[in-house]
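Enquirer: fold the stuff below for me.
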Amino acid sequence: LPAGAPLAQPLPTRPQIGDTTRALLQLQASGASAGPRLPILGDQASLSYARYLESFTHPIPEFLDTSVRKQVTGDGNGE
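Expert: Below you'll find the model as predicted:
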């Protein structure tokens, strides 16, 4: 190469599928970007805790009913 000629830079590697998701999950797990804890005060806390306790009074169904259609026709509107 002549003196002063720019050297070829290697092309940056493209992110692999899932790299961004893994990075975001790692950031979430580390807590590095977590905001300050905010308390729930008074009536809001009482009502929230009451809803939480009330949720245990209902049995968990073995299967959930669904309204999702099993087949889609070719007319494009999903009916």
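
Enquirer: for Leu24, grab the count of nearby residues.
Expert: Using other CB atoms under 10 Å, Leu24 is surrounded by 10 other residues. Quick note: C-beta positions are derived from backbone N, CA and C, even for glycine.

Enquirer: now do Pro15
Expert: Pro15 has 9 neighbouring residues, counting by other CB under 10 Å.

Enquirer: list the residues that contact it.
Expert: Contacts of Pro15 were listed using CB atoms under 8 Å, 6 or more residues apart in numbering, and none were found.

Enquirer: can you give me phi and psi for it?
Expert: Backbone dihedrals for Pro15, given as degrees, to the nearest 10, come out at phi -60, psi 140.

Enquirer: just Leu11 next, same as before
Expert: Backbone dihedrals for Leu11, given as degrees, to the nearest 10, come out at phi -70, psi 140.

Enquirer: model confidence over stretch 24-37, on average?
Expert: For stretch 24-37, mean pLDDT is 93.

Enquirer: other residues contacting it?
Expert: By CB under 8 Å, 6+ apart, the list of residues contacting stretch 24-37 is empty.

Enquirer: what is the end-to-end distance of that stretch?
Expert: Taking CA to CA, to the nearest Å, the span from the opening residue of stretch 24-37 to its closing residue is 20 Å.

Enquirer: gap between it and the chain center?
Expert: Between the mean C-alpha location of stretch 24-37 and the chain-wide mean there is a distance of 13 Å, by CA atoms, centre = their mean, to the nearest Å.

Enquirer: go on, stretch 20-37?
Expert: When C-alpha coordinates are averaged (CA atoms, centre = their mean), stretch 20-37 and its chain have centres 11 Å apart.
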